[in-house]
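> structure of the sequence below:
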Amino acid sequence: QVQLVESGGGLVLPGGSLRLSCAATGRTFSTLTMGWFRQAPGKEREFVAGIMWNGGVTYYADYAESVKGRFTISRDNAKNTMYLQMNSLKPEDTAIYYCAANLERTFRVVDFGSWGQGTQVTVSS
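Numbering: from 1, shown residues only. Model (predicted):
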């Protein structure tokens, strides 16, 4: 079992930036496929981005088209941590952001079985 803890959320002005972190314990981090999800008020949780075990392959969900070019997912296996750099933030990016992990080398949402508690990101003037 892997434990995940997100941090880095907060209140930011439109156009601002935040970097979210996800620290993992309990399992060899470098074996995990990792992902960021978000859930806005009144909406279903959506997959935002994923990154393979070695960081060599990343994926940005098609329906999160608006995040492409603004968000960057990365990981540091030496620090057991994944990141989401979010630039040019918009009010519609307001959501609880969750990190998740899976042992499969896929980005299928159903394969993500371990979740963090989430961190709130609010973009507002």
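> please count neighbours and contacts with C-alpha atoms only from this point.
Noted.
> low-scoring stretches of the chain, by residue?
62-65 (pLDDT under 70).
> report the contact partners of the most centrally placed residue in it.
Against the mean C-alpha coordinate of the chain, by Cα atoms, centre = their mean, the closest residue is residue 36 at 2.2 Å. Listed by Cα atoms under 8 Å, 6 or more residues apart in numbering, the contact partners of residue 36 are 47-50, 84, 97-100.
> of those, which is the most crowded?
Sorting the contacts of residue 36 by how many neighbours each has (other Cα atoms under 10 Å) puts residue 99 first, at 32 neighbours.
> quick check: that residue touching residue 113?
No - if you go by Cα atoms under 8 Å, residue 99 and residue 113 don't touch, sitting 10.7 Å apart.
> tell me where this protein has strands.
Applying DSSP state E to the chain gives strands spanning 3-7, 10-12, 18-25, 33-39, 46-51, 58-60, 71-76, 81-86, 95-102, 114-115, 119-123.
> could you redo the ones you listed as TSV and give each row distance to residue 108?
Rendered in TSV, the data for the strands of the chain read as follows (distance: least, Cα to Cα, whole Å):
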stretch	distance to residue 108
strand 3-7	19
strand 10-12	28
strand 18-25	19
strand 33-39	10
strand 46-51	10
strand 58-60	11
strand 71-76	17
strand 81-86	18
strand 95-102	9
strand 114-115	13
strand 119-123	22
